[in-house]
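Engineer: Got a sequence here, can you model it:
(2 chains)
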Amino acid sequence: MTLMDHRTYLLSTICATLFTKLHQKNEKKITERRSVTSMAKTQAAHSNSKAASLHWTAERMLSVLLLAMGPVAYFNPGPVIDYSLAAALTLHGHWGLGQVLTDYVHGDTKIKMANAALFLLSTITFTGLCYFNYNDVGICKAVALLWSK
Amino acid sequence: MVLLVYSEVNQDSNLNLFCFFCFFFVFRTLGRQSVCLAKPQYSVLYRHVAPMGSTAKEEMNKFWDKNSRLNRPMSPHITIYKWSVPMMMSITHRGTGVGLSGAISAFAVAALVLPGSYPYYLDLIHSLSIGPFLTGLAKFGIAFPVSYHTYNGIRHLGWDMGKGFKIPEVYRTGYTVIGLSVITSIALLMI
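Structural biologist: Take a look at the predicted model:
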């Protein structure tokens, strides 16, 4: 064994020991973290992403439903389609505006406030449309009357 | 893998033993990287690779954290891009959506707040000297945004099914939407 080889051997042993120590420490930390919070976090993230995917699908289904409601409202106007339109239009608008807020409102507090305000607006809108359907002529008739002028 | 490397280097000199240790830790590190979330101390080798097992939500959070850390402008940015027809159409889709939603909300609030009935106010507006202009404007104000948002919404549903992403198709469907919306809203104003 030359001197060079001997030095390398020593160096490698020291490095290996250091590495192992560091590694065990990290491993312990990682294991602890994973067992306590990360599992819960990962699960929450998974359910979040599943919820986001379901929400995406629901948005598309509602859009297709709203497309179908147009001809129904024209050929078969009445209270059923009036209330269906009130619900579908409000929800479509609520989700659509929610996307705009997601894009342009940043910061935890601001997002919460904006979403609360949107929820309030959507609730008032739905209430108002239902009130109009119940106490006034209803959505279908309202459009028909405007077009008769 | 590690065992294979070990058996190869075991008979050789101590320098190779050092190599073995390096290999060992690199493999251990890479192996762990793919299992758990990205740890900053391991990210040198795999910096440009999204670690396996991370969800869309985590990736999104990372994206937003980086954006706010670097104080980046908002996305989609409104003023920095060269204007194009698909971009204008996308903005118009959002604009008509927000506008129609606002109109519906305003209508709903008016229904709750105003004492009179809808036919009463409609007759009142119609009896004004500029009444027919106002009702015509209202008709166009409903007809164009509704038809545009509807046709472009169908275009969007096509994209959602993975159809029509080639640039010539984007333009073709775009011009079709604009044409159909103009024709439909004019036709609706005529009846």
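Engineer: Mind telling me which residue of chain B is nearest chain A?
Structural biologist: Sorted by distance to chain A under CB to the nearest CB, the residues of chain B start with residue B:108, at 2.6 Å. Placement of C-beta: from N, CA and C, glycine included.
Engineer: can you tell me which residues contact that residue?
Structural biologist: Applying CB atoms under 8 Å, 6 or more residues apart in numbering or on different chains, we find residue B:108 in contact with A:124-129, A:131-132.
Engineer: worst-scoring helix or strand of chain A, pLDDT-wise?
Structural biologist: When the helices and strands of chain A are scored by mean pLDDT, DSSP states H and E, helix A:3-33 comes last with a mean of 48.
Engineer: so how far is residue A:104 from residue B:112?
Structural biologist: Separation of residue B:112 from residue A:104 (CB to CB, to the nearest Å) stands at 28 Å.
Engineer: More neighbours: which of the two?
Structural biologist: A direct count of neighbours by other CB atoms under 10 Å in any protein chain shown for residue B:112 and residue A:104 places residue B:112 higher, at 16 against 12.
Engineer: Leaving out chain neighbours, which residue sits closest to that one?
Structural biologist: Leaving aside its sequence neighbours, residue B:112 sits nearest to residue A:128 (CB to CB, 6 or more residues apart in numbering or on different chains; 4.6 Å).
Engineer: Show me the helices in the chain, by range?
Structural biologist: By default, I'm working from chain A. Assigned by DSSP state H, chain A shows helices spanning A:3-33, A:39-75, A:79-104, A:108-135, A:139-148.
Engineer: please go with chain B instead
Structural biologist: For chain B, the helices defined by DSSP H cover B:2-9, B:14-35, B:56-69, B:85-113, B:118-127, B:131-160, B:167-190.
Engineer: neighbours of the nearest residue to residue B:66 once chain neighbours are set aside, just the number please.
Structural biologist: In this structure, residue B:66 finds its nearest non-sequential neighbour in residue B:72, 7.9 Å apart by CB to CB, 6+ apart. Other residues near residue B:72 come to 11 when the count uses other CB under 10 Å.
Engineer: which one is residue B:131 nearest to, not counting chain neighbours?
Structural biologist: With sequence-adjacent residues excluded and distances taken as CB to CB, 6+ apart, residue B:131 is closest to residue B:125, at 5.5 Å.
Engineer: Ignore what I typed, I meant residue A:81.
Structural biologist: residue A:73 is the one closest to residue A:81 (CB to CB, 6+ apart), at 4.8 Å.
Engineer: Quick check: the one you found vs residue A:82, distance?
Structural biologist: Distance of residue A:73 to residue A:82, given as CB to CB: 8 Å.
Engineer: List the contacts of the residue lying closest to residue A:62 once chain neighbours are set aside.
Structural biologist: By the measure of CB to CB, 6+ apart, the closest residue to residue A:62 outside its immediate chain neighbours is residue A:92, 5.7 Å from it. The neighbours of residue A:92, taking CB under 8 Å, 6+ apart as the test, are A:62-63, A:66.
Engineer: Next, give phi and psi for the residue nearest to residue B:66.
Structural biologist: Note on residue B:72: its backbone torsions stand at phi -80, psi 150 [degrees, to the nearest 10].
Engineer: how far away is it from residue B:80?
Structural biologist: Separation of residue B:72 from residue B:80 (CB to CB): 12 Å.
Engineer: Find the closest residue to chain B in chain A.
Structural biologist: In chain A, no residue comes nearer to chain B than residue A:128, which is 2.6 Å away by CB to the nearest CB.
Engineer: how many other residues sit next to the residue nearest to residue A:81?
Structural biologist: 19.
Engineer: In this structure it contacts residue A:140, no?
Structural biologist: Yes - taking contacts as CB atoms under 8 Å, residue A:73 lies within contact range of residue A:140: 5.2 Å.
Engineer: ok, back up a step: redo the helices of chain B as a markdown table? Include mean pLDDT.
Structural biologist: Shown next, in a markdown table, are the helices of chain B (pLDDT from 0 to 100):
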| stretch | mean pLDDT |
| --- | --- |
| helix B:2-9 | 39 |
| helix B:14-35 | 44 |
| helix B:56-69 | 82 |
| helix B:85-113 | 96 |
| helix B:118-127 | 92 |
| helix B:131-160 | 93 |
| helix B:167-190 | 96 |
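Engineer: Of these, which is nearest residue A:110?
Structural biologist: Of all these, the one in closest proximity to residue A:110, counting by CB to CB, is helix B:56-69 (12.1 Å).
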